[in-house]
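[1] Pasting the sequence and the predicted coordinates here, then a few questions.
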Number of protein chains: 2
Amino acid sequence: MTAGTAATDTAHPAGTDTAVLDDADLALIDAYWRAANYLSVGQIYLLDNPLLRRPLEPADIKPRLLGHWGTTPGLNLVYAHLNRLIRAHDVSAMYVTGPGHGGPGLIANTYLEGTYSEIYPHISQNATGMRRLFRQFSFPGGVPSHVAPETPGSINEGGELGYSLVHAYGAAFDNPDLLVCCVVGDGEAETGALATSWHSNKFLDPARDGAVLPVLHLNGYKIANPTVLARIPERDLCRLLEGYGYRPLVVAGDDPASVHRKLAAAMETAYDEIRAIQEAARSGRGTAAADGEPPRWPMIVLRTPKGWTGPREVDGIQIEGTFRAHQVPLSEVRTNPAHLELLAEWMRSYRPEELFDADGRLRPELAALAPEGNRRMGANPHANGGLLLKGLDLPDFADYGVDVPAPGASTSEPTRVLGTWLRDVIRDNPTTFRMFGPDETASNRLSAVFEATDRAWDAPVEPGDDHLAPDGRVMEVLSEHLCQGWLEGYLLTGRHGLFNCYEAFIHIVDSMVNQHAKWLKVTRQIPWRAPIASLNYLLSSHVWRQDHNGFSHQDPGFLDHVVNKKAEIVRIYLPPDTNTLLSVYDHCLRSRDYINVVVAGKNPAPNWLSMPDAVAHSTRGIGIWEWASNDNGEVPDVVLGCAGDVPTLETLAAVDLLRRHLPELRVRVVNVVDLMRLQPASDHPHGLPDREFDALFTTDRPVIFAFHGYPLLIHRLTYRRTNHDSFHVRGYKEEGTTTTPFDMVMLNDLDRYHLVIDVIDRVPGLAIRAAGLRQQMVDARLWARRYTRDNGEDTPEVSEWTWPGGRPAEPGHAPAPSRAPERA
Amino acid sequence: MTAGTAATDTAHPAGTDTAVLDDADLALIDAYWRAANYLSVGQIYLLDNPLLRRPLEPADIKPRLLGHWGTTPGLNLVYAHLNRLIRAHDVSAMYVTGPGHGGPGLIANTYLEGTYSEIYPHISQNATGMRRLFRQFSFPGGVPSHVAPETPGSINEGGELGYSLVHAYGAAFDNPDLLVCCVVGDGEAETGALATSWHSNKFLDPARDGAVLPVLHLNGYKIANPTVLARIPERDLCRLLEGYGYRPLVVAGDDPASVHRKLAAAMETAYDEIRAIQEAARSGRGTAAADGEPPRWPMIVLRTPKGWTGPREVDGIQIEGTFRAHQVPLSEVRTNPAHLELLAEWMRSYRPEELFDADGRLRPELAALAPEGNRRMGANPHANGGLLLKGLDLPDFADYGVDVPAPGASTSEPTRVLGTWLRDVIRDNPTTFRMFGPDETASNRLSAVFEATDRAWDAPVEPGDDHLAPDGRVMEVLSEHLCQGWLEGYLLTGRHGLFNCYEAFIHIVDSMVNQHAKWLKVTRQIPWRAPIASLNYLLSSHVWRQDHNGFSHQDPGFLDHVVNKKAEIVRIYLPPDTNTLLSVYDHCLRSRDYINVVVAGKNPAPNWLSMPDAVAHSTRGIGIWEWASNDNGEVPDVVLGCAGDVPTLETLAAVDLLRRHLPELRVRVVNVVDLMRLQPASDHPHGLPDREFDALFTTDRPVIFAFHGYPLLIHRLTYRRTNHDSFHVRGYKEEGTTTTPFDMVMLNDLDRYHLVIDVIDRVPGLAIRAAGLRQQMVDARLWARRYTRDNGEDTPEVSEWTWPGGRPAEPGHAPAPSRAPERA
Ligand SMILES: Cc1ncc(C[n+]2csc(CCOP(=O)(O)OP(=O)(O)O)c2C)c(N)n1
Ligand SMILES: Cc1ncc(C[n+]2csc(CCOP(=O)(O)OP(=O)(O)O)c2C)c(N)n1
Ligand SMILES: [Mg+2]
Ligand SMILES: [Mg+2]
């Protein structure tokens, strides 16, 4: 082990490394490690003959060898040493595996400690069980190759690399007694998400939160390449980690005994330092914000060979200690007797006869090395967070509603009002609810929450800063990855939260959402995994109102993205106004195992529904707005569907125009809050039965649907409905820039004037009769555009429009220029 | 300026900071900076009265104030100092703006240097032009608020933060004489993409590539929060940057004169160090790989107040130097006379009368500070890469094709064959083509490229490493963000490339793809932006063949994601075999301004088409496979559509079953390579006219469509086609795990047996007649599943199936168990 200059002042000093393990301990821990390695190799290769009681034969070998060896010995090593630490100090610890392809290692360890057989009794702790353990791995009908939901103790599948450390921090928040050990692959460390996750330490409060112990697993390689962090000078590596705010303890070597000694010592040191930081903070001896010097959390750099203890060389090519150890070091075991012999040698090198008794049971002196009960990392309830989950204490959202004497008679900023309710959710749930966002909580007008709490910030505070404190419950960092990953970790360990984000940039975490959705889908089929709180999004500053920004900030496609997920998981809500938003969000915070996507406006907008109406409407998820319709009891000539706040506004403004200009036209307005109501009942649990759908949208009348997102999404949800051919959808068609709100809707033909044109074009017989009105609408669009060019804002007709309410339908005129266009 | 301990050994020493600028230079550069600041403020606020020749009035002010001031003075400062450096050393330099919301600054600078007026003559360099310059900014019909494609010299819009540095490196590759200065926002630096982008220096070859000069803009704040990097101890910050491999030069202060002096000195130092590194490498005096010590590139840490030179305090609240300077420091200028007065004061503080002459022209002694011609950063042709673009010298792909005596009569691994062609593309285009991938080039079986080149790697090499060299042309790093961003930067500066990636994980860059698509969409409407090479994806290890991995690696949803982009930009290809893949990829590498998504298999699979047939088929993009159809000249009873290699295989195997069991059934097979052919011609330039579509798919026969991705995508593309109601699509329905290839297709009902069932269920009149066959198919599925459970691999019937070719249709039997199920 050589620590670079920069590291010497902080790295673990040499010479103390025999203090922790005496020779007997060392022999035991090494045997435990060998047992885990043995079981890992067995899983990758064997169908039968688990204890090698007879010579290996080709028929003992799986026909398809699917697994990853290279990372596994390192994962097993860390697990064994954590077991020791847990027992020595009675620690509640979790294990987060970055390189999740090391599935065999985690399965092996949870099997050794007994949790695996408790959960899966047929995988018993004897020879029969061991045979099944081996056979099931990466086998059809068996278990996946990764540290999947099926693996006890896991909250991180680790298939898509990069999210281990951020999940670990999410788990540690508000769990003051928890130690989350997180193995980070050195390849994984190159991902963007991981590279910024190290900074999570500035958002962890040592007084209130638990600790994360990162172990950077420097096995030197990824699939086919060396890793950056393994090849930069160690001096640079230590500087980097120190720069991130850690104190790296370097453990390096390829001699097991020496590495065991050093790792045990490093773990002790790390644990001591963690406890010291926590005690200082908890005894009020100060935190970063107070004394200006942030706590310097320890971490371990573990530099050992990839595929350590595996075949050193195969067919004359070096395997151990190279990238070639990544997957299956011996690939022709069934057909090449030399490979078969190498496998047998390799497995025997662990001396299974010393590890397991005649029945295949782990010898008692080794079994005694595992912690007991819930201290076993596979059994820690935090890793099956649903077990610990308690419902939130939610204030009655109805008390926060806005007054709506008549539809459109008052205005409010939906997210601002929601903020007042969230403020009290935070106040009433001081340790189990957090909000996450990429520096946009205020921009999304949720600032009321800062009446109850601060932003979490464990670095120095300066005058002029706004609501920063180590124990703040609003997590803000300019990384959507961190927001998402922290929240996931927080939810997976049994707590609640929401992620508020600009709509466009939520795509940054598309792939993380995929992985979380997959996790939820699988856990629903695993009886021992208890349901967790839903992952709740609040997407604001949405496509239609990115006023300060431009085209790059305009993208409603996240809805399309989540619709591909399993129907049982995904819910999408587009509340049209403030009271509906409150009702919807209350529902989301009570739900379990879903991904709830809520899109809501932040700008002043009309309130359409009183609280009782909002509750009814959002519970139904879809409904006719009778006060806006005039088809009373008859078949309408046209249905105007709408989903989303801005499309709803434009639709109602179009209805107003239609009423004035074509009062005899029978118009029905259907508003959709719960987008999944549109899907067939067979496809989604929220799907409307066809009969109800047909009743709402008719079976033959034109439907002009104004939609918040890309129009194709509505088609994709409704293509099997009877009346689908009559659906004409307006929405975002990827036209945008920095301009006025109404110019934005006009650019995408979603504006009131265009909706009227669509009605005229599509209601049979109207085209000729209403040609004059059609032309007025075309002119109105031109005029409205011209007006923005001249004045930089929308016409008063548009910006001051209000719903006429009970106003009797009277023939009127198209909006006239309120003043002559000024020529610029 | 205080540099922390860790920094002192590398940071720029104090005392030399007057050496570069004498007092006269200083006065001039400061005036230039003031001019840029003045023009920036003018753009945010003014409609008129650009030179403040009369008192400001409310009517001079824009009604909507949309822009970002806080970042702008810093951006302007760096620009002015780069101008000096360019002139002093005749440098070819580009400016990449991380905080792209600083649009006013970049517009101001390109206006000052003259490029803006050359491109947009109506924005002339006089009072009239200045008025228009101000008015157009963030104004309807004007220009966006960000550093958009409309901004000369830009390759990075900077709306979605995080991609500046990776774009900068992409631009520098293979441009040995280029200096890319990249301002990184300190908030932006918190994003995942940016946090890993610093490591790009290990992939830059000082001999062959240009240089990147990062300027970390530590203005202390983001929207509403301080930034992490501004608040950690400076000692940690410097360690972090040193750990990343840089030598940080810290320039800090809030006194303009002092900062000018230090920044000029730091720029000189940085430039000298860059040149020294380059000269050492280019004179063969060694690179990292040779002597083990990587080059230590300089960078600048610029710590100045956010909103510097703006209003210090407004309404008693501090603005300058806080997050409150982020957007519009004075928000009520039109209505609040005090604000109006503050604005006037602020603008006058730049002393415009010293900067512009009576006509509003920049005074000549200031104009002389800008570089000339193409040395102006707004005019550097690298920033309008299409100008420099040359077509690739492409070897004839037909020479690389596989022999296909008859359909299905031979097999090959498509990507492996493609690799041989790519090898020669690399060989023949040694400075203009690169491949990018997250450590998966070998895994995706493209290894033939390593016969022609290596992987780029500018860190030490060890024995056992595989094809690493500083000048390698394959860029591998475990970060999809870096692959995507480097490639984007490389393309935007006029070169070519492709990104090979596991299909599932390409979602990691969904949002980057959005931004690139938006960029392309806008540049198509900008006459002075020349077309660039397309962004080409090669997605392999796709959803159906992620054998070693599991559910987390199975996601074909990227296709859905890109379909939302503008039709004129997006192309999706699903070549069914090797020769088609070659033909498609040749087309992609010749195309311009597209995003081409190609999904291809890497596993051994049947070759269906000879090269001439493959060329014809892929050029058509869709077609009847007559050799697989038996509807000769008649209307078919059923159409079997297919898109993707695995679905095509299953479809043909289903056809084989149908031929044998229902020889009288008239089956037509339609294969789709170019997915966009399915869309209506009105929606996509590749869309088939309805008449052609109807001819292929009939207007009333059942269509069983086997699709590579999520079935809803096919519905979304075809919902307007006559026969859409008869389309029955099978594809991925989010069911998966680690299992056999055939079990995967069965899990999703895409298998041959299920396709036969679908035919039976949907061809009118067949259900009763073919009930026996239907039952056989159900049994065959059960048997095939059972077989995998027992044997761990697919049945021989499936895995050894081949297309019968000319075999005459003969009634046969359903596949029978080849041996009795072994009970495990
Ligand atoms: C985001 C992502 N990109 C690519 C891959 C493909 N992949 C699987 S394992 C691996 C290498 C991992 O290297 P490292 O993190 O060092 O793990 P270890 O060496 O411990 O196996 C890669 C690139 C992936 N799983 N996730
Ligand atoms: C990925 C992403 N997330 C969020 C935002 C919203 N946003 C716009 S500007 C900004 C703060 C930027 O701070 P910094 O990079 O320090 O720039 P500067 O201080 O120079 O304005 C944020 C969070 C964004 N543009 N991109
Ligand atoms: Mg590794
Ligand atoms: Mg900043």
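    Cool, got the structure. Residues are numbered from 1 along each chain as shown, chains lettered A, B, ... in the order given. Ligands and ions are numbered 1, 2, ... in the order given.
[2] show me what contacts A:Pro104?
    Counting by CB atoms under 8 Å, 6 or more residues apart in numbering or on different chains, A:Pro104 makes contact with A:Leu39, A:Ser40, A:Val41, A:Gln43, A:Ile44, A:Gly67, A:His68, A:Trp69, A:Thr72, A:Phe137, A:Ser145. C-beta here means a position set from N, CA and C on the backbone, and glycine is covered the same way.
[3] of all the residues in chain A, which ones are close to ligand 1?
    Chain A comes close to ligand 1 at residues A:70-71, A:99, A:101, A:159-162, A:185-188, A:191, A:217, A:219, A:221-223, A:227, A:306, A:326, as judged by CB under 6 Å from any ligand atom.
[4] In strands only, show me these.
    Within the residues of chain A next to ligand 1, residues falling in strands by DSSP state E are A:Gly185, A:His217.
[5] Pull out the buried residues from the residues of chain A next to ligand 1.
    Buried by 16 or more other CB atoms under 10 Å in any protein chain shown: A:70-71, A:99, A:101, A:159-162, A:185-188, A:191, A:217, A:219, A:221-223, A:227, A:306, A:326, out of the residues of chain A next to ligand 1.
[6] What is the neighbour count of the residue of the stretch 201-350 of chain A found nearest ligand 4?
    Residue nearest to ligand 4 within the stretch 201-350 of chain A: A:Lys202 (15.8 Å; CB to the ion). The number of residues packed near A:Lys202 is 21, by other CB atoms under 10 Å in any protein chain shown.
[7] Now do the same for it: helix, strand or coil?
    The local conformation at A:Lys202, judged by DSSP: H, G, I helix; E, B strand; the rest coil, is helix.
[8] so it touches B:Leu229, yeah?
    No. A:Lys202 is beyond contact range of B:Leu229, at 10.1 Å (criterion: CB atoms under 8 Å).
[9] For A:Ile119, give me its contacts.
    So A:Ile119 contacts A:Pro152, A:Trp528 (CB under 8 Å, 6+ apart).
[10] Tell me how far it lies from ligand 2.
    Distance, A:Ile119 to ligand 2, using CB to the nearest ligand atom, to the nearest Å: 40 Å.
[11] Please apply the same query to A:Val474.
    For A:Val474, the distance to ligand 2 - CB to the nearest ligand atom - is 14 Å.
[12] Pairing-wise in the sheet, spell out the partners of that residue.
    On the basis of DSSP bridges, A:Val474 is bridged to A:Met435, A:Arg455.
[13] quick one: contacts for it?
    A:Val474 sits in contact with A:426, A:434-437, A:441, A:449-450, A:453-456, A:467, where contact means CB under 8 Å, 6+ apart.
[14] Could you report the pLDDT at the closest residue to A:Gly100 other than its chain neighbours?
    Of all residues beyond its chain neighbours, the one nearest A:Gly100 is A:Gly158 (1.7 Å), with distances taken as CB to CB, 6 or more residues apart in numbering or on different chains. Note on A:Gly158: pLDDT of 97.
[15] For burial, what's the neighbour tally of A:Gly158?
    29.
[16] My guess is it contacts A:Ser145. True?
    No. With contact defined as CB under 8 Å, A:Gly158 does not reach A:Ser145; the gap is 10.7 Å.
[17] Quick check: neighbours shared by these two?
    A:His101.
[18] My understanding was that A:Asp555 contacts A:Tyr502; is that so?
    No. The pair A:Asp555 / A:Tyr502 is not scored as a contact, 9.4 Å apart, by CB under 8 Å.
[19] Among these two, which residue is more densely surrounded?
    A:Asp555 (30 against 24).
[20] check contacts around the closest residue to the more buried one other than its chain neighbours.
    Excluding its sequence neighbours, the residue lying closest to A:Asp555 (CB to CB, 6+ apart) is A:Ala504, at 4.0 Å. By CB under 8 Å, 6+ apart, the contact set of A:Ala504 is A:Val543, A:Gln546, A:Ser552, A:His553, A:Gln554, A:Asp555, A:Pro556, B:Glu160, B:Ser511, B:Asn514.
[21] Noted, bye for now.
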